[in-house]
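Enquirer: Just to be clear, the model below is a prediction. Sequence and coordinates:
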Number of protein chains: 2
Amino acid sequence: MNWEERLSRAGWRITMPRRVVMWVLQQAGHPLSPQEIHARGRRFHRSLGLVSVYRALAVLEQVGLVRRVHREDRCDGYILASPGHHHILLCRGCGRTVEFPGAEDLSGLIAHVERRTGFRVEDHLLQLVGLCPPCRGSRLRSRPSGWETTGQEK
Amino acid sequence: MNWEERLSRAGWRITMPRRVVMWVLQQAGHPLSPQEIHARGRRFHRSLGLVSVYRALAVLEQVGLVRRVHREDRCDGYILASPGHHHILLCRGCGRTVEFPGAEDLSGLIAHVERRTGFRVEDHLLQLVGLCPPCRGSRLRSRPSGWETTGQEK
DNA sequence: CTCTTAATGAAAAATTTTTTCAAAAAGAGT
DNA sequence: ACTCTTTTTGAAAAAATTTTTCATTAAGAG
Ligand SMILES: [Mn+2]
Ligand SMILES: [Mn+2]
Ligand SMILES: [Zn+2]
Ligand SMILES: [Zn+2]
């Protein structure tokens, strides 16, 4: 099921601004701010308004098609979201973003924390930051399925 | 070693705005935005400027005395930071925040991700969200949506 | 093709954060 | 305590970001 179908089934209309935002994020492969999305999007849709980018991002995020990226300085970056629960791995060299699953890898830690604090843990935010192979000076390796990459550009 | 000594050793001066920010965060026990810190801080330091709160937070965070909290909606909350590497556990009911160590609990996951992506992981952002014991008991009394900075006080 | 309603874009408003700069005050050295 | 140098402050202005408003457009069901 493609994103348009997902959007549609969730009760939203397929509109030009939403198409453009998805298209731009697809091309980029790394987090873009609303302003950046707007700038790039206008190349394809001249009259695109920044407001519509904000609104499109809100909808797309709610439907799970887009994910917000939290960084030390800014938290206004968005990337395309793979379906399902994933975490983000970010290269601090080139900005490339990789998503990976693995909620189960946290279950031990979560159980431990629940035991010691009495809290009931319901959700989590996990992001890893590091250097991708090219940025380390190493050569690229193949990526196993389940580990979709959002690609590199520029 | 107390926070004033730590600030001092890092080459910063102990000033009223910095004292006030530390004092306010200590009292609060849950994340406060710069505006909130400013409002509360003025009770003790009439002429405190919002600008100084921003500047104090920047310095205190850099020295590791204060930590920024990322949330779904806003990422401008600050809490006092325990010395060393900790993670944050946040109650989505009352806003109470607990810090916990445990970098070692992530080492397995990180090693796994490094192996499969070729990335070298250097840092991470981990936050857990859930319900604290008191809030688990009063689960049925749901709060009106739009509740501000989770607060036990008020 | 028609019709209803969601969605858009321009503009304005509201918020948040940063910059500027003269004045104040921290703290080191008398 | 007093002096001196440098950091820090607070007000104001500027910049940047996000939200609201509202008339107009267009998505998509029928
Ligand atoms: Mn997870
Ligand atoms: Mn950690
Ligand atoms: Zn954030
Ligand atoms: Zn890289």
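Expert: Received the coordinates, thanks. Ligands and ions are numbered 1, 2, ... in the order given.
Enquirer: which bits of chain A sit near DNA strand C?
Expert: Taking C-beta under 7 Å from any atom of the strand as the contact definition, chain A meets DNA strand C at A:12-13, A:15-18, A:45, A:47-49, A:51-52, A:55-56, A:59. For glycine as for every other residue, the C-beta is placed from the backbone atoms N, C-alpha and C.
Enquirer: Buried ones only from the residues you listed, please, as a ChimeraX command.
Expert: Only the buried members of the residues of chain A next to DNA strand C end up in this ChimeraX selection, burial being decided by 16 or more other C-beta atoms under 10 Å in any protein chain shown:
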select /A:12,17,18,45,48,52,56,59
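Enquirer: And ligand 3, is stretch A:79-92 touching that?
Expert: No. Contact between stretch A:79-92 and ligand 3, assessed by C-beta under 5 Å from the ion, is absent, since the two come no nearer than 11.8 Å.
Enquirer: end-to-end on that stretch?
Expert: Separation of the first and last residues of stretch A:79-92 by C-alpha to C-alpha, to the nearest Å is 15 Å.
Enquirer: what mean pLDDT does that stretch have?
Expert: On average, the pLDDT along stretch A:79-92 is 94.
Enquirer: I'd like the distance from it to the chain centre, please.
Expert: Between the mean C-alpha location of stretch A:79-92 and the chain-wide mean there is a distance of 5 Å, by C-alpha atoms, centre = their mean, to the nearest Å.
Enquirer: do the same with stretch A:111-120
Expert: Averaged over its C-alpha atoms, stretch A:111-120 has a centre that lies 29 Å from its chain's centre (C-alpha atoms, centre = their mean).
Enquirer: That stretch close to chain B?
Expert: Yes. With C-beta under 8 Å from any C-beta of the partner chain as the measure, stretch A:111-120 is seen reaching chain B through A:112-114, A:116-120.
Enquirer: rewinding a little: among the residues of chain A next to DNA strand C, which ones are in helices?
Expert: With helices taken from DSSP state H, the overlap with these comprises A:16-18, A:51-52, A:55-56, A:59.
Enquirer: and of the residues you listed, the nearest to A:Asn2?
Expert: In terms of C-beta to C-beta, no member of those lies closer to A:Asn2 than A:Arg18, at 12.8 Å.
Enquirer: Can you give me the domain assignment for chain A?
Expert: Under the assignment automatic domain parsing, the domains of chain A span A:1-81, A:84-143.
Enquirer: in which helix or strand would I find the residue nearest to A:Leu50 when sequence neighbours are not counted?
Expert: Taking C-beta to C-beta, 6 or more residues apart in numbering or on different chains as the measure, A:Leu50 lies nearest to A:His38, with 4.6 Å between them; neighbours along the chain are not counted. Using DSSP states H and E, A:His38 sits in helix A:34-41.
Enquirer: Repeat that for A:Gln26.
Expert: helix A:16-28.
Enquirer: For that helix, give the mean pLDDT please.
Expert: For helix A:16-28, the mean pLDDT works out to 98.
Enquirer: which other helices and strands contact it?
Expert: Where contact means 3 or more C-beta pairs under 8 Å, 6 or more residues apart in numbering or on different chains; DSSP states H and E, helix A:16-28 is packed against helix A:34-41, helix A:50-63, strand A:66-69, strand A:77-80.
Enquirer: most surrounded residue in the residues of stretch A:111-120 next to chain B?
Expert: Note: the member of those with the most neighbours is A:Phe119, at 24 neighbours, neighbours being other C-beta atoms under 10 Å in any protein chain shown.
Enquirer: what's the angle from the helix holding A:Gln26 to helix A:34-41?
Expert: Note on geometry: by axes from the mean of the first three to the mean of the last three C-alpha atoms, to 10 degrees, helix A:16-28 and helix A:34-41 are set 90 degrees apart in direction.
Enquirer: Between the residues of chain A next to DNA strand C, which sits nearest B:Gly93?
Expert: In terms of C-beta to C-beta, no member of the residues of chain A next to DNA strand C lies closer to B:Gly93 than A:Val59, at 27.6 Å.
Enquirer: can you dump the C-alpha coordinates of the helix holding A:Gln26 into CSV?
Expert: As requested, the backbone C-alpha atoms of helix A:16-28 are provided in CSV (Å, rounded to 0.1, in the frame of the first residue of the first chain):
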residue,chain,number,x,y,z
MET,A,16,-0.6,19.0,-4.4
PRO,A,17,1.1,20.3,-1.2
ARG,A,18,1.1,16.9,0.3
ARG,A,19,2.4,15.3,-2.8
VAL,A,20,5.2,17.9,-3.0
VAL,A,21,6.2,17.4,0.6
MET,A,22,6.4,13.7,0.2
TRP,A,23,8.3,14.1,-3.0
VAL,A,24,10.8,16.5,-1.6
LEU,A,25,11.5,14.3,1.5
GLN,A,26,11.9,11.3,-0.8
GLN,A,27,14.5,13.1,-2.8
ALA,A,28,16.4,14.5,0.2
